[in-house]
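Chemist: quick one: sequence and predicted model below, then my questions.
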Amino acid sequence: MIFLKIPRRIKSNSLTLRRLCIFDGPPLNRDLKDEDILKSIGLRPQFKSWLSLCWWFERTYCYPYCIEANSRRIGFIGLYNPLPDKSVEISLVIFHKEDRRHGYGTLAFGMLKQRIQQPHFFKKMIVKVKEDNYSSTAFWKNLGFKEIDSKGGFIEMTLPVSVLY
């Protein structure tokens, strides 16, 4: 396990990133019903128990955060598969359509990226997006990610090291 000095809570004026806890299980289970969202973050729709969902998040993500706007849970952002001096993968989900396209995802990404900018710790960030998810692909491209591979119905994108540091 890699240990970065990332706080349990990261705040800005309008957004808070808060480490996931056991009490987030039931709301996450309720909010994560969209099969496309589940597939995009590697979940199978057969998670029936909120406890098994929490356990999966803790095992998969080394830094799982709830995204909160005005004290309301609106999404999730997390880092996984960290390889020191190489790469780290990232997932970001805004649960409900009415909360999308307000800048929350961009702000959450910026807040987390700022915390992991330790010189030469990661050479790149990687995100995987479903090929037919054009809005998500455009979102990551607007943040500076470039397409590097496409297989199994997913596009792999990376953020160049020069943008990250």
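Modeler: Looks like it arrived, so ask away. Numbering: from 1, shown residues only.
Chemist: I'd assumed residue 148 was in a helix, is it?
Modeler: No. Read with DSSP: H, G, I helix; E, B strand; the rest coil, residue 148 is strand and lies in no helix.
Chemist: element containing residue 85, please.
Modeler: Per DSSP states H and E, residue 85 falls between elements, in no helix or strand.
Chemist: quick one: it and residue 104, what's the gap?
Modeler: 31 Å (Cβ to Cβ, to the nearest Å). Quick note: C-beta positions are derived from backbone N, CA and C, even for glycine.
Chemist: neighbour-wise, which of these two wins?
Modeler: Per other Cβ atoms under 10 Å, whichever of residue 85 and residue 104 has more neighbours is residue 104, with 20 against 8.
Chemist: residue contacts, the more buried one?
Modeler: Contacts here follow Cβ atoms under 8 Å, 6 or more residues apart in numbering; on that basis residue 104 touches 15, 67, 69, 74, 75, 94.
Chemist: these two touch, right, residue 100 and residue 94?
Modeler: Yes. The pair residue 100 and residue 94 passes the contact test of Cβ atoms under 8 Å, sitting 4.9 Å apart.
Chemist: give me the more crowded residue out of those two.
Modeler: Each of residue 100 and residue 94 has its neighbours counted (other Cβ under 10 Å); residue 94 has more, 21 against 17.
Chemist: was I right about the more buried one contacting residue 107?
Modeler: No. Using Cβ under 8 Å, residue 94 makes no contact with residue 107, being 11.0 Å away.
Chemist: returning to what we had before: quick one: which of the contacts of residue 104 is nearest residue 133?
Modeler: Proximity of the contacts of residue 104 to residue 133 (Cβ to Cβ) peaks at residue 94, which lies at 12.7 Å.
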